[in-house]
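here are the coordinates; sequence isn't available:
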């Protein structure tokens, strides 16, 4: 059982309940200011025999219905990657690959692609829709940390850090599989954006009765938002791990309530 008084970012025992929502409590660290909820996911095994029977017609239609909007954004993300390097022959790892759309776009651009997706229903969709075999083992697994140490030219985490149990460990593990001179591309919601500050203000003035956006930003349901970074927190984290930050944000690629980072491993 995890002790949520221990901050998931700085590891100090200084986190206390800050916002009590309907289904979760947001903890805030007095030492570093990090916000996270009192919930961790139980991760699926990722083994090949894991059932995918839930990918019925209804689930297929729902996932496929999301592809056009998701594809529009992921094509912009691909342009961001291509601004920094040629993908022809590049070894790429897409962490949190979802339905496999970005992995598919990388492959179309000539990259050699690996993808991580812990949810079997999405792995099955990616296999049937795009012919892409995603791996269910998360980035901390020996398969990646030993088998692909310093291997990848590109590692991507699109809308992933807010979902994982331990984001600092996820980024350290991503660093380990990136080759020297390799690239990290990521985006994640921004806690110092206006929408979050409005939610905090509304919570306080209403005595917790009206948290506005906070209620929709966090959820204890599987693979939902568990934490949200400020820009300063995320920059400090990636630099502490060892990445050099090449660029921060671009309104062309993501809205202003997102942090977009382009980083490189020296």
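Cool, got the structure. Owing to the predicted nature of the structure, the values given are computational and were not obtained by experimental measurement.

mind listing the helices in the stretch 151-266 of the chain by residue range?
167-177, 194-205, 213-217, 231-241 (DSSP state H, counting those that start in this stretch).

Deepest-packed of these, please.
helix 167-177 (a mean of 21; mean count of other C-beta atoms under 10 Å). C-beta: built from backbone N, CA, C; applies to glycine.

by contact count, what packs against it?
Where contact means 3 or more C-beta pairs under 8 Å, 6 or more residues apart in numbering; DSSP states H and E, helix 167-177 is packed against strand 91-95, helix 142-145, strand 152-158, helix 231-241.

What separation is there between residue 125 and residue 68?
Going from residue 125 to residue 68 by C-beta to C-beta, to the nearest Å gives 15 Å.

swap that for residue 265, please
34 Å.

So for these two, which residue has more residues nearby?
Per other C-beta atoms under 10 Å, whichever of residue 265 and residue 68 has more neighbours is residue 265, with 21 against 8.

which phi and psi does that one have?
Phi and psi for residue 265, reported as degrees, to the nearest 10, are phi -90, psi 120.

Chain neighbours aside, what residue packs nearest to it?
In this structure, residue 265 finds its nearest non-sequential neighbour in residue 178, 4.6 Å apart by C-beta to C-beta, 6 or more residues apart in numbering.

Surely the one you found touches residue 149?
No: with contact defined as C-beta atoms under 8 Å, residue 178 does not count as touching residue 149 (9.5 Å).

Compare the two and say which is more crowded by neighbours.
Taking neighbours as other C-beta under 10 Å, residue 178 and residue 149 compare with residue 178 leading, 25 against 12.

who's that one bridged to?
Beta-bridge partners for residue 178, by DSSP bridges, are residue 152.

try the one 5 residues further on
Taking DSSP bridges, one finds residue 154, residue 264 as the beta-bridge partners of residue 183.

Could you tell me the model confidence score at it?
Looking at residue 183, its pLDDT stands at 98.

Check residue 194 too.
On pLDDT, residue 194 comes in at 88.

Could you do residue 253 as well?
So, for residue 253, pLDDT stands at 55.

returning to that earlier point: the residue nearest to residue 265: what's it in contact with?
150, 152, 155, 184, 265 (C-beta atoms under 8 Å, 6 or more residues apart in numbering).

rerun that using 7 Å as the cut-off
By C-beta atoms under 7 Å, 6 or more residues apart in numbering, the residues touching residue 178 are 152, 155, 184, 265.

go on, residue 7?
Neighbour list for residue 7: 14, 15, 29, 31, 32, 34 [criterion: C-beta under 7 Å, 6+ apart].

any chance of the residues you listed in TSV, with distance to residue 6, neighbour count and pLDDT too?
Below are the contacts of residue 7 laid out as TSV (distance: C-beta to C-beta, whole Å; neighbours: other C-beta atoms under 10 Å; pLDDT from 0 to 100):
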residue	distance to residue 6	neighbour count	pLDDT
14	9	17	98
15	7	25	98
29	9	23	98
31	11	13	98
32	12	18	97
34	11	24	98
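
Return the closest of those residues with respect to residue 212.
Ranked by distance to residue 212 (C-beta to C-beta), the contacts of residue 7 are led by residue 34 at 20.8 Å.

Apart from its neighbours in sequence, what residue is nearest the closest one?
residue 9 is the one closest to residue 34 (C-beta to C-beta, 6+ apart), at 3.9 Å.

What is the three-state secondary structure of the one you found?
Secondary structure state of residue 9, per DSSP: H, G, I helix; E, B strand; the rest coil, is coil.
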